[in-house]
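1. Sequence and predicted structure, then a few things I'm wondering about:
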Amino acid sequence: MPRYVLAVDVGGTFTDVICFDEETSEATVAKSPSTPPDFIDGMINGIAALNIQPVDIKLIKIGTTIATNTIIMRTGARTALVTTAGFTDVLHAARAARPTLYDSDWDPAPTLVSRSDTHTVRQRTTYEGEVIEDLDEEGLHNIAAKLREQSTEAIAINFLHSYINGEHERRARDILGAEMPGAYISISSDILPEIREFERTSTTVVNAYLGPVLDRYLSALSQRLQNFGYNGPMLITHSGGGVMSVEAAREIPARICQSGPAAGVMAGANLGQVTNRPNVINLDVGGTSADVSLARDGRPLIRSEWNINFNITINFPSVDVATIGAGGGSIARVDAGGVLKVGPESAGARPGPACYRQGGEAPTVTDANLVLGRLGADTKLAGRVALGLDLAQAAIDQIAEPLNCSRDEAAAGILSIMRANMAGAIRLMTVRRGHDPREFALAAFGGAGPLHALELAKELGIPEVVIPYVPGLGSALGVLSVDVRHDFVQSIFATDTRFEVSEINDAFDDLSTKAQARLAEEGVPEDRVELHRQLDVRYYGQVSGGLTLDAGQDKLKEEDIRAIFDSFHEKHTEEYGYTLPADLAELELVNARVSAEGAQSAPAAPVFAGAKNGEAMPSSTRQVYFEPAGWIETAVYQRDTLPAGSHIAGPAVIEQLDSTTLVIPGSSVEVDPRRNLICRVG
Amino acid sequence: MQLNPITFEVLRNALGAMCDEGSEMIARLAYAPTISEGHDHSCALLTAEGRLVAHGNRDQAPHIGSFEPSVKVVREWTEDKFEPGDVYIFNDPYSGGIHANDVKLIRPIFHGTKVIAFNSSTGHWPDVGGALPGSFNPRAIDCYSEGLRMPPMLLFRGDEIDRTVMTLIQYNMRTGRERIADIYAQHRAGHLIEQRMQELYDRHGDKTIEALFTDIFDYTEEMFRKQVAKLPDGEFEFEDFSDMDVMHPDQPRIRVHCRMKISGDRVTFDYTGSDPAPIGPFGFPRASLETAVYDGTLHCFPQLAPLNHGLARSVEVLSKPGSCVHIEEPTPASGYASGAYEKVAAVTMACWANAFSSVNSRRMYAAGINLANLCIGGIHPKTGKQFVNYLWNEGGQGARSYKDGNPFQMMIFIGGATNQPVEILERWYPLLYSNCEGVQDSCGDGKFRGGVGIDRSFKVLGALTMTMHGDRAEVTPFGLAGGTNGGGNILRLRRASSPDKEEELGMHAMGIRLEPGDQLIYRSNGGGGFGDPLSRDPMMVLADVEAGWISENKAKQVYGVVLDLKNEAGDSFSVDENETAALRAKLAKVPRSRGYGSGEVHPLGEMLRVPESALVAE
């Protein structure tokens, strides 16, 4: 019987693989250099490095950045947009906004479809779905002729108000499809049946733009895995914090754009679950940026919209991740007014921090950590040669001088600004949305997350920090933990005084049928399917805003819907501190949502094998700088020697191949049975 | 600086973040689409002395400079006697700046029994009463027909709303009931800022926070003065015009004139050469003049954003009371954003362009789209309910000295705002759109051209009333350094009863009755150009024609670029190099028409001299 579930995270530099043995719950890891542009060799190499028989593999789950990279590098298919006559520039105008107030030098990112490749056809539907101008089929044939001539590979179709009546879009798809066999066609009423023409068009365009690329990638990948000897199922991680089948990924590739961060969030949620901490703030700090996200009651926060560039929107439900330009490579500088700034500019991997000995001279966060003894000079970051303390010191001195302070103070200053930036991002994610950070644990991932996590937790009043055994493999851990999940949404137009119970039930039935069919296609046994039904409600008159409320599992009766409306007022007070006076408080139903989850295999709670019993023994000691105490002689431990059940008191440094954990004075650490670190912040 | 530079940076960011948070909350909770979809709102923090410290990153520039005078009015009104949970509502244009639609809630922020700061938020309410739906009144001769003017009124006492004040407001506005939701949105934002400030005080102590405020001002002033000192000393002059004083019998243009003086690290903007206040709308009060000067200045010193008192106290602004840029009661104010504000911001930037021309070639910007407020109101034929709908357009950005301006941008002062989705508008209002499309050839031309404007024409589906309050149909966004002025704002009416006839409504159309099926042709400005159009790279002209931004005809007439058609479909071309060279040589001998209209060259703009070597494409 196949017994291994593989989680693969294909990153820009490395491909990580975690192999989970369903029989013993033991996990092993492998790492292999990534192989752009197709990344497939690196993945096969990583799997091969596990030294297991392909026939013993039960399931492979994959997180990949290929969709994101395709958009960032603009290497997608030549895509045409077909839209309602008169509305050529819905996509190009976007929402006409700029990200900052006083920047006339800002430019929107180039659109994925050029203006010349935007075609219009006569047709018109009203907001109530009534057709007031028929589809000009001859016009479509003319467009097809032009697209054939240009060897267009992909077509996005968006007509006004198609979220309520998609008939013209479907007809246009059939006509263009017949004229252009082989073209990848996405229609907005399929991809995202939601009101707001720009957001729907943009999402559909992203989908079409990615379609041919993902199609080729997934075919090649399946083929290579077959050659390798694996014929079993393959699942792809998507932005909503779930996995989906290869077939689904081919249909809606725009859903996998944020699969990396989504997997990271799921890793934190899962780590929280297995350590009995259902409320978790995730912090993943890498070389150039830090990702912050949240899981509450074991579920990640989801938002309905995100932008890959400021003006390129993908409106699929997506895990809510805030990314800030604060990482190990973030550069510190003193501006003309004598103020210290850290990031968002980064030294990246090349030249990297000054201490990497690759020619970088600018002081970075990593240099500050090295100067303060938090990183050891013999640490080999990402497999590089030992770090250059002298170079780091020289770099920090560049800012100590204009700041008129000591080298230690300057380095500590860099770290405190870095910390403030991260704390700001966490406050936005928690306090701003009514969550108290003190009710959460902080889960730290990435090479630099565990280095900053305890101090950050202390600043925010977070009582505990949880660090997985392989913090550098956060995304792969997340991929391992996710289930099949799909989100479906349908716009509804009703208010609390005017609603049809049957219309709402019909919408839920439609969405549930779609959801169940999809999960069945993906091989999820019926008894493992879980459906969550929700309604978006807001005050009638509010254009945005509102709350998403649970709609239970059963067919709704009129009194159920009234109860949902009633709960709005209570929830609104909870979230915003008030409700409107009764005569203003008419409510509107906006969307029905169904999310479907199903596990194909047993939940994975990996145990990393290693030393079993005994006390934690330091490997050495060194001087480490802490605020406000200054330099303290500090014990250094090796992570792979720490036995489950052992304790460590701060101050301490815990080193491992891909990360370093800094335990501040007054804090303590317990190694749990799965060898996670549970840190009590003091 | 009193704080160490590290603490300074950490705490300064915290102040900005709390304003962002408050500002976002307003957008989320408000009913007014101007706020929730259009993001015409702001949230700021001021010291206990009423000095501006921080505001939201995407707030609206015209609001921001009005916070200091508004808080001053409230403090004088109350003689600085406040209780915790007091919130004042205020919108007087003459003492506070801006117009009546921008309604402020002002809250003293308490720590214990002491006022430690003020919060002021602004939301652009879709209607504040007055003669016409939307409260814009393009034919007003005084402020009394522009909506309810509110002195500081105590709206919340102990965070409980005052029913009398609330009802007074409700009675005096169209859709007044919905404004209660907007009041609550702004109130909650102030409440949140108070919580955040109290936390900050508890953590860091009053000494640190007070030192922080002082440091922020000193820091900004020092940064600004250092950069001004690097510019050459001298006087730089620029002027711009409004299309007309619509209520004057001769409807003359209205001149806005600035003489900027730089001497060492000091800068003075002398606007005393501007015309007297018009009879009709256009002008703005003194506080808005200052705001517009800060706005134009920050576009040339973007690293100094966000605006705070440190910059305000470093810039000297001169004006004549009673002039068009310093109006007094009762001169109308509601149309200031499409009028004086836009002109002063653009003129200020043109003055800076002159100062920067020999030092930094990347701080020169031609003028861009001018706001054209379109308000429609009446009874919705489907719901039977009264509605007011306030529309605006995005349009062309002015060319930069190194790059084309972008199409489809919001006005320069309202970068955080957005357009309104057609699908949302059609769902809420009896409108049926026919266009969302760039206006070909509407750009001003140059070595770098402006962005094009947009066509958002629509039919009305009910018997409605319409008012337009805009500008720059005739005096269009100016070009610089030989670039031409952009295309005009357009509003025309095609009646369902006579569909072959287009009636020019212009920028001051008031109270026009519309019948079901009538079509409004609503198009916005393209931005001005930069540099001589004949020096534009022919390949860029070719790309513009292929993308549809400009016509083949314009390529030839204005840019001297002759194109040969390559395909049957008529959308692929190549440059005829010989013919182009010959045509350009011929056109170079013909002087361009000087003036202020579309396609002409602004006489003062043309005098901006930039070394050709500096004009390098990015």
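-> Great, that's in hand. All figures in this text were calculated on a predicted structure; none of them were measured in a lab. Numbering: from 1, shown residues only, chains lettered A, B, ... in the order given.
2. helices or strands next to the helix or strand containing A:Leu456 in the packing?
-> Secondary structure assigned from DSSP states H and E places A:Leu456 in helix A:449-460. Applying 3 or more CB pairs under 8 Å, 6 or more residues apart in numbering or on different chains; DSSP states H and E, one finds that helix A:449-460 makes contact with strand A:280-285, helix A:407-429, strand A:441-445, strand A:464-467, strand A:659-663, strand A:677-680. No exception for glycine: its C-beta is placed from N, CA and C like everyone else's.
3. which stretch among those comes nearest chain B?
-> When the helices and strands packed on helix A:449-460 are compared by CB to the nearest CB, helix A:407-429 sits nearest chain B, at 3.9 Å.
4. Taking strand A:280-285 as reference, get the angle to the closest one.
-> What separates the directions of helix A:407-429 and strand A:280-285 is an angle of 140 degrees, with axes from the mean of the first three to the mean of the last three CA atoms, to 10 degrees.
5. where are the low-confidence patches of the chain?
-> If you meant another chain, say so; for now it's chain A. A:380-385, A:432-434, A:544, A:600-604, A:610-612 (pLDDT under 70).
6. other chain: chain B
-> Under the criterion pLDDT under 70, the flagged ranges of chain B are B:612-618.
7. Quick check: the gap between the residue sitting nearest the centre point of it and A:Ala48.
-> Most central residue of chain B, judged by C-alpha distance to the mean C-alpha position with CA atoms, centre = their mean, is B:Phe413 at 3.4 Å. Noted for B:Phe413: a distance of 60 Å to A:Ala48, by CB to CB, to the nearest Å.
8. ok, now B:Glu474?
-> 73 Å.
9. quick one: which of these two has more around it?
-> B:Glu474 (17 against 14; other CB atoms under 10 Å in any protein chain shown).
10. Without its sequence neighbours, what residue ends up closest to whichever residue of the stretch 501-618 of chain B sits closest to chain A?
-> With distances taken as CB to the nearest CB, the stretch 501-618 of chain B approaches chain A most closely at B:Ala547, which sits 4.5 Å away. The shortest distance from B:Ala547 to any residue other than its chain neighbours is 4.5 Å, reached at A:Arg115 (CB to CB, 6 or more residues apart in numbering or on different chains).
11. Run a quick neighbour tally on the one you found.
-> Other residues within reach of A:Arg115 by the criterion other CB under 10 Å amount to 17.
12. Point me to the helix or strand that includes it.
-> With DSSP H and E as the test, A:Arg115 turns up in no helix or strand.
13. List the contacts of it.
-> Contact partners of A:Arg115, counting by CB atoms under 8 Å, 6 or more residues apart in numbering or on different chains, are A:88-89, A:92, B:438, B:547-549.
14. Next up, phi/psi of A:Glu194, please.
-> According to degrees, to the nearest 10, the main-chain angles of A:Glu194 amount to phi -130, psi 150.
15. Can you tell me the number of residues neighbouring it?
-> A:Glu194 is surrounded by 20 other residues when neighbours are defined as other CB under 10 Å.
16. again, but for A:Leu657
-> As a burial measure, A:Leu657 scores 16 neighbours (other CB under 10 Å).
17. what's the distance between it and chain B?
-> 32 Å (CB to the nearest CB, to the nearest Å).
18. can you check A:Gly86 too?
-> Where chain B is concerned, A:Gly86 sits at a distance of 4 Å (CB to the nearest CB).
19. Contacts only, for that residue.
-> A:120, B:433-437.
20. List the ones among those residues that fall in strands.
-> A:120, B:433, B:437 (DSSP state E).
21. quick revisit: of the contacts of A:Gly86, closest to B:Leu155?
-> Taking CB to CB as the measure, B:Leu155 lies nearest B:Tyr433 of the contacts of A:Gly86, at 37.6 Å.
22. Who is that closest one paired with across the strands?
-> Note on B:Tyr433: beta-bridge partners by DSSP bridges are B:Phe458.
23. Am I right that the residue nearest to the centre of chain B sits in a strand?
-> No - the assignment for B:Phe413 by DSSP: H, G, I helix; E, B strand; the rest coil gives helix, which leaves it out of any strand.
24. now it, nearest residue through space, not along the chain?
-> B:Ala61 (4.3 Å).
25. Give me the neighbour count for the one you found.
-> With other CB under 10 Å as criterion, B:Ala61 counts 28.
26. for it, what are its contacts?
-> Here B:Ala61 is in contact with A:101-102, B:291, B:294-295, B:298, B:307, B:345, B:413-415 (criterion: CB under 8 Å, 6+ apart).
27. List phi and psi for it.
-> Its backbone dihedrals place B:Ala61 at phi -50, psi -40, with angles given as degrees, to the nearest 10.
28. that older thread, out of the helices and strands packed on helix A:449-460, which gets nearest to B:Gly398?
-> Comparing the helices and strands packed on helix A:449-460 against B:Gly398 with CB to CB, the closest turns out to be helix A:407-429 (33.9 Å).
29. A:Leu428 is in contact with A:Ile324, isn't it?
-> No - at 9.5 Å, A:Leu428 does not count as touching A:Ile324 under the criterion of CB atoms under 8 Å.
30. So for the two, which residue has more residues nearby?
-> Looking at A:Leu428 and A:Ile324 with other CB under 10 Å, you find the greater number of neighbours at A:Ile324, namely 20 against 17.
31. was I right about the more buried one contacting A:Ser289?
-> Yes - with contact defined as CB under 8 Å, A:Ile324 counts as touching A:Ser289 (6.5 Å).
32. shared neighbours of the two, anything?
-> By the contact definition CB under 8 Å, 6+ apart, A:Ile324 and A:Ser289 are jointly contacted by A:Pro344.
33. I'd assumed A:Gly446 was in contact with A:Asn282.
-> No - applying CB under 8 Å as the test, A:Asn282 and A:Gly446 come out as separate, 9.9 Å apart.
34. C-terminal to the strand or helix carrying A:Val594, which secondary structure element comes first?
-> Assigning secondary structure by DSSP H and E places A:Val594 in strand A:587-598. Elements were assigned by DSSP H and E; along the chain past strand A:587-598, the next helix or strand is strand A:607-608.
35. Brilliant, that's me finished.
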